[in-house]
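Participant: below are the sequence and a predicted model; questions follow.
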Amino acid sequence: MSTPLPKLRLDKWLWQARFFKTRTLAAKVVTGGHVRVNSTKVSKVSFGVSVGDTLTFLQGRDVRVVRIQDLGVRRGPAQEAQQLYADLSEVKDNVPRAPKYEGNGRPTKRDRRKLDLKRAADLNDLAG
């Protein structure tokens, strides 16, 4: 007879792996039905996950797909948490960048004044 795999609560694992800041947030995502374990929708926070399970869930606006590699015993530093899973999500290259000034770098006060004068002149042309 084989020994059963050790299991850990889903909300606790998501919190320990640092996908969510608190267990309460992790529990809200799970109870909202936004987590799938091995392609099965789960809505109970007490659902037991074990090594080898694949989780699919929303984190912010991104869909995350991870495979559990270890259960862990505590919520440790980020490097320790990253050892708990293998990320199977698509890598997104289209990271939004900060808006830039048309010139080189940040505009000076003088440049901002010129822009303001130009915008005001453009608005006057449109209005009258």
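Facilitator: In hand now; what should we look at?
Participant: does residue 65 really touch residue 54, like I thought?
Facilitator: Yes. Using C-beta atoms under 8 Å, residue 65 is in contact with residue 54, at 6.8 Å. C-beta coordinates here come from the backbone N, C-alpha and C atoms, glycine included.
Participant: between the two, which contacts overlap?
Facilitator: residue 88 (C-beta atoms under 8 Å, 6 or more residues apart in numbering).
Participant: not counting its neighbours along the chain, what's nearest the residue positioned nearest the centre of the chain?
Facilitator: Nearest residue to the geometric centre of the chain (C-alpha atoms, centre = their mean): residue 59, 4.0 Å. Leaving aside its chain neighbours, residue 59 sits nearest to residue 19 (5.8 Å; criterion: C-beta to C-beta, 6 or more residues apart in numbering).
Participant: and that neighbour, helix, strand or coil?
Facilitator: Under DSSP: H, G, I helix; E, B strand; the rest coil, residue 19 falls in the coil class.
Participant: look up how far residue 64 lies from it.
Facilitator: Per C-beta to C-beta, to the nearest Å, residue 19 is found 7 Å from residue 64.
Participant: same question, residue 44
Facilitator: Distance from residue 44 to residue 64, by C-beta to C-beta: 20 Å.
Participant: how far does the helix or strand of the chain with the lowest mean pLDDT sit from its chain's centre?
Facilitator: For the chain, using mean pLDDT, DSSP states H and E, the weakest element among its helices and strands is helix 109-127, scoring a mean of 85. Centre-to-centre, helix 109-127 and its host chain are 40 Å apart (C-alpha atoms, centre = their mean, to the nearest Å).
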